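Student: Below is the sequence, then the predicted model.
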Amino acid sequence: MTSTLPLTLPEFAERAAEVLPDGVLRYFAGAAGDEITLADNVVAWQRLALRQRVLVDVSKRDLSVEILGVRRPHPVIMAPMAWQTLANPGGEIAAAQGIGAAGGIYTMSCWASQHADDVAAQAADTTRWMHIHIFPDRDITQRLVDRAVRGGFEALVLTADQPVAGRRDRSMRAQFARPGSPNLADLAPGSLEPAQTWEDVAELVTSSPLPVIVKGLLEPGDAELAIQAGAAGIVVSNHGARQLDTVLSTASALPAVVEQVAGRVDVLVDGGIRRGSDIVKALALGADAVLIGRPLLWGLAVGGADGVRHSVELYLKELDIALAVLGVTSAAELEPSIVLPAPWSA
Ligand SMILES: Cc1cc2nc3c(=O)[nH]c(=O)nc-3n(C[C@H](O)[C@H](O)[C@H](O)COP(=O)(O)O)c2cc1C
Ligand SMILES: CCCCCCC(=O)C(=O)O
């Protein structure tokens, strides 16, 4: 099957656009409002230039990073994304199997189109994190935590940037209707909680046997509050620009957050990471790892589990070549001085 898969990451996006129904494509690809932040999430990485050093022995290269205190083969994590059977009938199970085969971590959205128990059973070999919300009924949140523990999920990823749903013009125009979630169906029709606060996060941290990663921060002050609430990590994220247009792109937000955190907890980042060189820039700016969203949905849509695996492998191939050409032998060696504002962005 691999031989029929695209050779490059942009081709995956093109092929996905050919195979997905229009409404689904608009829901997946679209974002809030005029999609200015959606575009800038990508462009903000492209505005950074890389400084290369030559004639360094790069014959041995190490892509490994430490995430939540565990050495992982590389820094790629699949971001939580809802309703993955819309991309491929294999759904969350195939996605988890695919990223696991490539040595990455799978984050399962609680709005999944398959049940967490089934994902746990059929992707048992994949390191899995469970995405959750603080729901208006805190009992639903607790039951999802219990389910995560039972299924061997290793961390909770709590979405902090969705007190209400964003307005996404592109999918509204297609009259895309959100499907139900079999993962939430036996709990209650999950609705969002506009009254959630940092106190809820602290309570979750206290009651959860799993580490809690707070996803959806752009401000250093919020990173500080996450640390005070006991989070094990944070994800600098604007929800793929799907919540509010013209918020800061994540590459722009990352440096100040990293400075505030000062190594006290893991800092992850997502949004617009489309090339292995973008991963280099994220790590150089101080991220410990990256989450990738839409491009892995394109992999799932085009080739199921194989497509996800192959997409991740393309990122890793690009990352590995970038390290070699930059004269760097390990992800750990990447530091801020290798990126600078690009002359073409002035
Ligand atoms: C179709 C889709 C569904 C998503 N569902 C969720 C979700 O359930 N929970 C969440 O926190 N973020 C969700 N996100 C946001 C992603 O986790 C991630 O932050 C974002 O997609 C990263 O940007 P990228 O797509 O440019 O890589 C979703 C994104 C997409 C595209
Ligand atoms: C009631 C809102 C559900 C949204 C779930 C998926 C999501 O976060 C997205 O960005 O889409």
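Tutor: Yes, it's here. Ligands and ions are numbered 1, 2, ... in the order given.

Student: Please, where are all the helices along the stretch 151-300 of the chain?
Tutor: 169-173, 182-185, 198-207, 220-228, 250-261, 276-284, 294-326 (DSSP state H, counting those that start in this stretch).

Student: Least confident of these, on average?
Tutor: Of all the helices of the stretch 151-300 of the chain, helix 182-185 carries the lowest average pLDDT, namely a mean of 81.

Student: how about that helix as CSV, C-alpha atoms only?
Tutor: Only the C-alpha atoms of helix 182-185 are listed here, as CSV (Å, rounded to 0.1, in the frame of the first residue of the first chain):
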residue,chain,number,x,y,z
PRO,A,182,-20.3,7.0,20.5
ASN,A,183,-17.6,7.8,23.0
LEU,A,184,-19.8,10.2,24.8
ALA,A,185,-23.2,8.6,24.1
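
Student: That one and ligand 2, any residue contact?
Tutor: No - figure legend: helix 182-185 not in contact with ligand 2 (Cβ under 6 Å from any ligand atom); closest approach 9.9 Å. Every residue, glycine included, has its C-beta placed from N, CA and C.

Student: what's the answer for stretch 162-169, then?
Tutor: Yes - Stretch 162-169 is in contact with ligand 2 by Cβ under 6 Å from any ligand atom, via Ala165.

Student: buried ones in that stretch?
Tutor: Using 16 or more other Cβ atoms under 10 Å as the burial criterion, the residues of stretch 162-169 that qualify are Gln162, Gly166, Arg168.

Student: nearest to Ile134, of the residues you listed?
Tutor: Gln162 (10.0 Å; Cβ to Cβ).

Student: Need the pLDDT of the closest one.
Tutor: Per the predicted model, pLDDT is 96 at Gln162.

Student: And it, how far from Gly299?
Tutor: Going from Gln162 to Gly299 by Cβ to Cβ, to the nearest Å gives 25 Å.

Student: can you check Leu210 too?
Tutor: Leu210 is 27 Å from Gly299, by Cβ to Cβ.

Student: how about the nearest residue to the residue of the stretch 151-300 of the chain found nearest ligand 1, chain neighbours excluded?
Tutor: Shortest the stretch 151-300 of the chain-to-ligand 1 distance, computed as Cβ to the nearest ligand atom: residue-wise this is Gly293, at 2.4 Å. The shortest distance from Gly293 to any non-neighbouring residue, by Cβ to Cβ, 6 or more residues apart in numbering, is to Ala79 (4.1 Å).

Student: quick one, what contacts that neighbour?
Tutor: Going by Cβ atoms under 8 Å, 6 or more residues apart in numbering, Ala79 touches Thr107, Gly240, Asp270, Leu291, Ile292, Gly293, Leu296.

Student: One more: Asn238?
Tutor: Asn238 neighbours (Cβ under 8 Å, 6+ apart): Thr37, Asn41, Asp161, Gly216, Leu218, Leu244, Val247, Leu248, Ser249, Thr250, Ala253, Gly271.

Student: Which ones among the residues you listed lie within strands?
Tutor: Here DSSP state E is the test, and the contacts of Asn238 give Gly216 as lying in strands.

Student: Top of the contacts of Asn238 by number of neighbours, please.
Tutor: Using other Cβ atoms under 10 Å as the neighbour criterion, Gly271 leads those with 34 neighbours.

Student: Which residue is the nearest non-sequential neighbour of it?
Tutor: That would be Thr250: by Cβ to Cβ, 6+ apart, it lies 3.7 Å from Gly271.

Student: residue in the stretch 1-150 of the chain nearest to ligand 2?
Tutor: Ala82 (3.6 Å).

Student: State the distance from the nearest residue to that residue once chain neighbours are set aside to Glu259.
Tutor: Of all residues not flanking Ala82 in the chain, Trp111 sits nearest, at 3.6 Å (Cβ to Cβ, 6+ apart). Per Cβ to Cβ, Trp111 is found 33 Å from Glu259.

Student: between these two, which one's more packed in?
Tutor: Trp111 (19 against 12).
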